[in-house]
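S.K.: just coords:
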């Protein structure tokens with residue numbers, strides 16, 4: 001397995017690393033969209049219920065980040081500096097720690113499910129009941145979600161993305177097959193969607209374990225042991241914590257925004273949930289490319305190849321610029337047919353078209369923000385991107401309320417708030433990256449001068 005990212009053509013290395021991650025993201029997006037299509041056939045109430053409970057599925061990524069982000073960065077950096085034993089310690093600590101987090105998270109969701117759903121103030125007892133049912137079932141599968149994510153991160157940090165792609169693809173395909181069976185054939189409704197998800201994640205875990213047993217490992221001399229090395233855990237948490245807080249606070253902020261959306265009724269809730277799934281075409285692509293860039297930057301930074309670090313940022317930014325522009329055009333001009341795939345009833349459809357067109361304006365900036373954040377993680381610099389994200393995401397709460405309540409924009413004021421804050425975050429990350437790369441460039445010049 002050629003996972004040395006410190007050698008070879010940068011565009012080729014980045015592309016071949018990113019493509020399987022992006023393909024996995026597209027498969028995940030395809031599943032989310034298909035899942036929403038099946039659930040949509042149960043009606044807007046089912047979409048609103050699953051979408052509301054699904055916020056807690058997004059929150060889990062913030063918790064998972066506590067183990068995964070630091071592991072990806074330190075595995076990449078230690079492999080770049082050829083410290084294999086340290087890579088093993090980081091990997092084992094991350095896997096053990098993240099699994100325990102998954103167990104705890106699942107217990108908390110199960111115990112506090114009614115209070116959590118009640119927070120959203122859905123104003124519809126039927127929708128609230130469906131959301132509680134979905135959340136109760138999905139809580140049992142949390143440890144599987146967590147372990148699969150961190151194993152994917154270990155492989156990605158080592159510069160191998162094909163294995164996580166193949167393994168996760170199995171689960172996603174199974175989910176696509178099982179969804180209609182559990183939802184309609186067994187007549188389980190929203191509960192069936194949760195059953196399908198848990199079973200599919202279990203299959204992914206089995207596939208990962210089988211892959212490791214067969215010798216397909218993230219790097220040579222990889223050895224797994226159940227262990228929690230305190231020193232290595234602290235190091236990972238210093239890197240992970242800002243990202244985890246950013247992701248977690250993003251979801252919590254989204255929950256407050258969702259309460260504002262709920263003031264406009266079930267149709268508005270359904271619009272946001274469906275619109276978010278459609279928007280994932282760019283969000284998940286950027287997340288995948290950000291993960292690839294993090295591994296690339298981590299290995300080269302660990303190997304003290306600042307020249308490749310700088311060029312890696314430039315190449316990644318160019319690629320994501322093209323993708324961001326393309327996505328914006330698709331969402332803007334294809335808003336109506338895209339939304340009608342999921343819900344084709346007024347006034348929900350008209351509201352959905354407005355959502356997609358307003359959000360389309362910010363896609364380029366969102367793609368760049370997410371990608372550059374991944375690159376900064378590879379350098380171990382996670383605090384400033386997290387502060388930028390948290391600050392402008394938090395601003396969405398008062399702005400969404402003010403623009404939707406005290407202006408003629410109505411509910412569109414919420415969509416403009418989300419789009420506008422994404423634009424500001426993208427610009428801020430570009431400026432931050434410029435200064436960081438300038439500093440690295442000066443360090444490289446000084447090193448070359450000293451050598452001469």
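M.R.: Cool, got the structure. Quick caveat, the model's predicted, so the values are computed rather than measured. Residues are numbered from 1 along each chain as shown.
S.K.: which helices and strands does the helix or strand where residue 402 lies pack with?
M.R.: Under the criterion of DSSP states H and E, residue 402 resides in helix 396-405. Packing partners of helix 396-405 (3 or more CB pairs under 8 Å, 6 or more residues apart in numbering; DSSP states H and E): helix 230-262, helix 412-451. Quick note: C-beta positions are derived from backbone N, CA and C, even for glycine.
S.K.: Let's see the pLDDT reported for the residue nearest to residue 13 when sequence neighbours are not counted.
M.R.: Closest residue to residue 13 in three dimensions, ignoring its sequence neighbours and counting by CB to CB, 6 or more residues apart in numbering: residue 5, at 5.3 Å. At residue 5, the model reports a pLDDT of 84.
S.K.: Show the contacting residues for the most centrally placed residue in the chain.
M.R.: The structure's the chain has its C-alpha centroid closest to residue 287; by CA atoms, centre = their mean the separation is 5.8 Å. The neighbours of residue 287, taking CB atoms under 8 Å, 6 or more residues apart in numbering as the test, are 25, 370, 374.
S.K.: where along the stretch 251-400 of the chain do the helices fall?
M.R.: 266-302, 306-333, 335-340, 348-360, 363-378, 383-394, 396-405 (DSSP state H, counting those that start in this stretch).
S.K.: ugh, wrong one, the stretch 1-150 of the chain
M.R.: In the stretch 1-150 of the chain, the helices defined using DSSP H, counting those that start in this stretch lie at 10-40, 44-80, 84-111, 113-119, 125-139, 142-157.
S.K.: For the host helix or strand of residue 212, name the packing helices and strands.
M.R.: Counting by DSSP H and E, the element that carries residue 212 is helix 190-213. Under the contact criterion of 3+ CB pairs under 8 Å, 6+ apart, the helices and strands touching helix 190-213 comprise helix 10-40, helix 44-80, helix 125-139, helix 142-157, helix 162-180.
S.K.: one step back: right, and out of the contacts of residue 287, which lies closest to residue 222?
M.R.: Using CB to CB, the shortest approach to residue 222 within these belongs to residue 374, at 23.1 Å.
S.K.: From residue 195, how far out is the closest one?
M.R.: Applying CB to CB, to the nearest Å, the value for residue 374 to residue 195 is 33 Å.
S.K.: Those two: who's more crowded?
M.R.: The residue with the greater number of neighbours, taking residue 374 and residue 195 and applying other CB atoms under 10 Å, is residue 374; the counts read 26 against 21.
S.K.: So for the more buried one, what's the pLDDT?
M.R.: The predicted structure scores residue 374 at 91 on the pLDDT scale.
S.K.: Who are the contact partners of the residue lying closest to it once chain neighbours are set aside?
M.R.: Nearest non-adjacent residue to residue 374, counting by CB to CB, 6+ apart: residue 290, 2.6 Å away. Residue 290 sits next to 370, 371, 372, 373, 374, 375, 377 when contact means CB under 8 Å, 6+ apart.
S.K.: now, which of the residues you listed sits nearest residue 132?
M.R.: When these are compared against residue 132 (criterion: CB to CB), the nearest one is residue 370, at 31.9 Å.
S.K.: Can you report how many residues lie near the closest residue to that closest one other than its chain neighbours?
M.R.: Using CB to CB, 6+ apart and skipping residues adjacent in sequence, the residue nearest residue 370 is residue 286, 3.8 Å away. Around residue 286 there are 26 other residues, counting by other CB under 10 Å.
S.K.: likewise residue 161?
M.R.: Burial of residue 161 is recorded as 25 neighbouring residues (other CB under 10 Å).
S.K.: just to revisit the earlier point, now the helices of the stretch 1-150 of the chain in JSON lines, with mean neighbour count, mean pLDDT and distance to residue 414?
M.R.: Conversion of these to JSON lines gives the following (neighbours: other CB atoms under 10 Å; pLDDT from 0 to 100; distance: least, CB to CB, whole Å):
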{"stretch": "helix 10-40", "mean neighbour count": "20", "mean pLDDT": "78", "distance to residue 414": "20"}
{"stretch": "helix 44-80", "mean neighbour count": "25", "mean pLDDT": "85", "distance to residue 414": "15"}
{"stretch": "helix 84-111", "mean neighbour count": "20", "mean pLDDT": "93", "distance to residue 414": "26"}
{"stretch": "helix 113-119", "mean neighbour count": "16", "mean pLDDT": "88", "distance to residue 414": "18"}
{"stretch": "helix 125-139", "mean neighbour count": "21", "mean pLDDT": "91", "distance to residue 414": "19"}
{"stretch": "helix 142-157", "mean neighbour count": "26", "mean pLDDT": "91", "distance to residue 414": "29"}
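S.K.: which phi and psi does residue 41 have?
M.R.: Here the main-chain torsion angles of residue 41 (degrees, to the nearest 10) amount to phi -70, psi -10.
S.K.: now residue 411
M.R.: The phi and psi values for residue 411, taken as degrees, to the nearest 10, are phi -60, psi -30.
S.K.: tell me, how many neighbours does it end up with?
M.R.: Other residues near residue 411 number 21, with proximity taken as other CB under 10 Å.
S.K.: show me the contacts for it.
M.R.: Residue 411 sits next to 261, 264, 268, 351, 404 when contact means CB under 8 Å, 6+ apart.
S.K.: how close does the fourth one sit to residue 340?
M.R.: Read it as residue 351. Remark: distance between residue 351 and residue 340 (CB to CB) = 12 Å.
S.K.: Name the residue in those two with the higher neighbour count.
M.R.: Taking neighbours as other CB under 10 Å, residue 351 and residue 340 compare with residue 351 leading, 23 against 13.
S.K.: hang on, residue 375 packs against residue 433?
M.R.: Yes: contact between residue 375 and residue 433 holds when scored by CB atoms under 8 Å: they sit 7.1 Å apart.
S.K.: Between these two, which contacts overlap?
M.R.: Residues touching both residue 375 and residue 433 comprise residue 313, with contact defined as CB under 8 Å, 6+ apart.
S.K.: Who has more neighbours out of the two?
M.R.: Neighbour comparison, residue 375 and residue 433: the larger count goes to residue 375, with 28 against 21 (by other CB under 10 Å).
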